[in-house]
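K.L.:
Give me a model of this one.
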Amino acid sequence: MAAKQDAPIAAAVVDPHGMVSGWSEGGRLLLGWTAEETVGRPVTDLLVDRPSDFPEILGIGSDPTGVVPLRHRDGSRVDAVLTAHPLRGADGRSLGHVVTVQPWGGRPVIADRAFEQCPFALGVYDPELRFLWVNASACRVMAHSEEQVLGEKYRELFPELDDMAYTDRLSEVARTGEPARLITVFRPLGSDYANAWATSMWPVRDAEGKTRAVANWGFDMSAEYWARQRLLILNKASGGIGLTLDVIGTARELATTPVPGFADLVTVDLFDEVLRGEEPPSASAFTPGAAIALSRAAQHSAKEDADRAPEPATPVSHTPGSVAARCMATGRSTVELAAQPGQGGEWAFGPGLAADPAHWPPGNPLIEGAIAADGLTGRITVPLRARGALLGVVAFSRLDRPEAFTADDLILAEEMTAKAAVAIDNARRYARERTTALTLQRSLLPQGLPNQEAVEVASRYLPAGTGAEVGGDWFDVVPLSGARVALVVGDVVGHGLHASAAMGRLRTAVRTLADVDLPPDELLTHLDDLVLHLAGDLQPAGHFEPTGESGATCLYTVYDPVSRRFTLASAGHPLPLIISPDGTRTPVPAHPGPPLGIGGLPFEATELELPEGSLLVLYTDGLVESRERDVDQRIAELLRALNHSATSLEALCDMVMDAMLPERRTDDAALLLARTHALDPHHVADLVVEPDPAQVPRARKFAVDQVDAWGLQEASFVTELVVSELVTNAIRYGEPPIRLRLIRDTSLICEVFDGSNTAPHLRRARAFDEGGRGLLLVAQLTHEWGTRHTTNGKTIWCAQPLPQAGVMS
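P.N.:
Residues are numbered from 1 along each chain as shown. Below you'll find the predicted structure:
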């Protein structure tokens, strides 16, 4: 019969002849025999199977024997463990043995053996953290025997293992009496591999509840710990790779994410075509046996004293027989492990490889002793592929750490590379589309500002930063008749190629309408109609709805250097800033009208007279928009930036853009600065003409005398003919008042105003027609001509280039 867990321990004294000379009460409780019944009898009578001799047959000694079947008084069998201790007299003579009997399966023996054989590391410490007891597993972890550690303090015995967290927690448990848990990562003595240990600690109390010791158990959870670390790295990669639509930036994110948790050195090599946003080369583009030329897009090392990383796009070459070349050719990853000589000359590997539960793919790992010459203990090389195209190759290397890469590590490297490959390919595609849109937009913007004398101009256009699409911001400077100039700035709603194309159409329309010399408010009305038609073209038939995506804003202004009048009208665009020569801001008494594309609402023109030298500031909202400040604050910042002293408008443009635009801008920004000039009154001549044909000779003489006075004698003949034809037409077909004006600017301008709104037009005169040849003659003799309408009439004008001798200084 098996003993119960709470059965007592029996004790007996056996003399040298094997006779029982003493019997404990525990023996009666355990086996049922009283002292009277056992003392004086052979101890072998208590055995189920009586041996032939004693004590050797029982294996009596200081160590327990095996399981020995004993005979209970009621005849049942009791399996027990016997332990004998010798008794000696003062003279050293043997007096026999003290034999203790513990029931097999009882708590004392089972507990001792269970704790001793436990695969977990078990230990008991006194409150001063001295070792009281450890099991065999703990001894193996510490590489010390129980005799070597008992009575020693942990911190003094193992200073290289103690990172303070473990012993501090033990001390806290001893002090507070509260159990605790802890995960520590350390390298056991005699091992080159870091292990993760989960440890539980609890106080050991006496019967009065006072803490007398601290016990703990720990087990190696390295597999679970490193699996969790791989998940954390993968999660970090998911949130840290692909944050920007920039090829180099994404490559850097891939290089920095796994360092130092996974690798010590990461390199990312890409084809030059990928860096330029072009399609990567196809397999047919590679020459067999030739090295593969790539560029190092990113490199990151965990070493603080590592050599400085190469600049992005540093050329690198992979020979045909290299691992990187084979990976790119086959499309399969490769793991290289640096073998180290073991006993007997064979190659040995650490427990990280031997305990790897995952299955290696074919051809992996590659046992390569040569990489140790490069200071590496392991390397994973992964081809960078996305959507079936090869973009480059990535290498994850371990330098000083001896842990071998595992098959699970290979999976992690491939997962990170696959995510980065898609992000890099997206960045490449975006770069190509953005370059296309930017090229289109720049081709539609003015390549050089036209020559004119009304204003001094400077401009800047900066597209949105990397990661944002190109917008539809634009500006223009359009010379007008009468030495005037139009300054235009606008913004198409939306981004991308559509916005760039719409911007090009609007800019062309503005220049066409400006050629007609429409007032600003009328020009915006016609432009509004155009945007509505463009929006209608994008809608299905019968389903027209004005959409914000087809809308735009525009500011159209005209400056006249003769009168110094500045006229403006806005279609939802910020009004210009006007700074007088003394530095004060000139208020603009106007309100922006509705954006283009709304339809049905009027636009209002505002006219100001400006002093010479005034600074006109036209801009798009990308220059003043900010998430941190409102528009008024940003305009105040713009005014402060404009007050800086600058040697030229070009320098002032640079200062304003630097001050107003952050590095990571999300919208385009355009800036147009203009410094007004006033035309010298001596360069303008006026004559009121009575509506009488007899006044034509007077007008001709006035013109010739004025041209001669300007030193432009070479232009006298043409000017006389032109004035004669235009004044004659005004008298014959126009209405009073009639006025002739000559302007000497970059060209010689002749203007004839009358009160009629009827516009003349060219026509081919027949052989016997008396009229119809005047405007044809004007068109043939002058550089350009046209008509501009006003509220109370029209002006016919023409311009001819100045003779070289008469160019203004």
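K.L.:
Could you tell me which residues within stretch 559-574 count as buried?
P.N.:
Within stretch 559-574, the residues that count as buried by 16 or more other CB atoms under 10 Å are 559-562, 564, 566-574. Backbone N, C-alpha and C define where each C-beta goes, glycine included.
K.L.:
Equivalent analysis for stretch 788-807, please.
P.N.:
788, 793-800, 802, 806.
K.L.:
next one: stretch 116-131
P.N.:
For stretch 116-131, the neighbour count (16+ other CB under 10 Å) marks 120-126, 129-131 as buried.
K.L.:
Please tabulate those residues in JSON lines and include secondary structure and pLDDT as additional columns.
P.N.:
Formatted as JSON lines, those follow (DSSP: H, G, I helix; E, B strand; the rest coil; pLDDT from 0 to 100):
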{"residue": "120", "secondary structure": "coil", "pLDDT": "88"}
{"residue": "121", "secondary structure": "strand", "pLDDT": "88"}
{"residue": "122", "secondary structure": "strand", "pLDDT": "90"}
{"residue": "123", "secondary structure": "strand", "pLDDT": "90"}
{"residue": "124", "secondary structure": "strand", "pLDDT": "91"}
{"residue": "125", "secondary structure": "strand", "pLDDT": "90"}
{"residue": "126", "secondary structure": "coil", "pLDDT": "90"}
{"residue": "129", "secondary structure": "coil", "pLDDT": "89"}
{"residue": "130", "secondary structure": "strand", "pLDDT": "90"}
{"residue": "131", "secondary structure": "strand", "pLDDT": "90"}
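K.L.:
Of all pairs in the buried residues of stretch 559-574, which one is the farthest apart?
P.N.:
562 and 572 (30.6 Å; CB to CB).
K.L.:
Distance check, residue 683 against residue 710.
P.N.:
8 Å (CB to CB, to the nearest Å).
K.L.:
And the strands in the stretch 151-300 of the chain?
P.N.:
180-186, 195-205, 211-220, 265-270, 292-301 (DSSP state E, counting those that start in this stretch).
K.L.:
With just CA atoms, put the first one into PDB.
P.N.:
In PDB, the C-alpha atoms belonging to strand 180-186 read as follows (Å, rounded to 0.1, in the frame of the first residue of the first chain):
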ATOM      1  CA  ALA A 180       7.300  39.800  -8.400                       C
ATOM      2  CA  ARG A 181       8.000  38.800 -12.000                       C
ATOM      3  CA  LEU A 182      10.800  39.900 -14.200                       C
ATOM      4  CA  ILE A 183      12.200  39.200 -17.700                       C
ATOM      5  CA  THR A 184      15.900  39.600 -18.100                       C
ATOM      6  CA  VAL A 185      18.200  39.100 -21.100                       C
ATOM      7  CA  PHE A 186      21.700  38.100 -20.400                       C
END
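K.L.:
helices or strands next to that strand in the packing?
P.N.:
Strand 180-186 is packed against helix 165-176, strand 195-205, with contacts defined by 3 or more CB pairs under 8 Å, 6 or more residues apart in numbering; DSSP states H and E.
K.L.:
If you compare the directions of the last one and strand 121-125, what angle comes out?
P.N.:
Here strand 195-205 runs at an angle of 40 degrees relative to strand 121-125 (axes from the mean of the first three to the mean of the last three CA atoms, to 10 degrees).
K.L.:
Over to the first one?
P.N.:
Direction vectors for helix 165-176 and strand 121-125, defined by the same axes, to 10 degrees, enclose an angle of 50 degrees.
K.L.:
Helix 165-176 to strand 180-186, inter-axis angle?
P.N.:
160 degrees.
K.L.:
Looking at the buried residues of stretch 116-131, which is nearest residue 645?
P.N.:
Nearest member of the buried residues of stretch 116-131 to residue 645, counting by CB to CB, is residue 129, at 72.9 Å.
K.L.:
Return the most buried member of the strands of the stretch 151-300 of the chain.
P.N.:
strand 265-270 (a mean of 26; mean count of other CB atoms under 10 Å).
K.L.:
avg pLDDT for that one?
P.N.:
The average pLDDT for strand 265-270 rounds to 95.
K.L.:
neighbouring strands for that strand, and are they parallel or not?
P.N.:
Take DSSP bridges as the rule and strand 265-270 pairs in its sheet with strand 292-301 (antiparallel), strand 389-398 (antiparallel).
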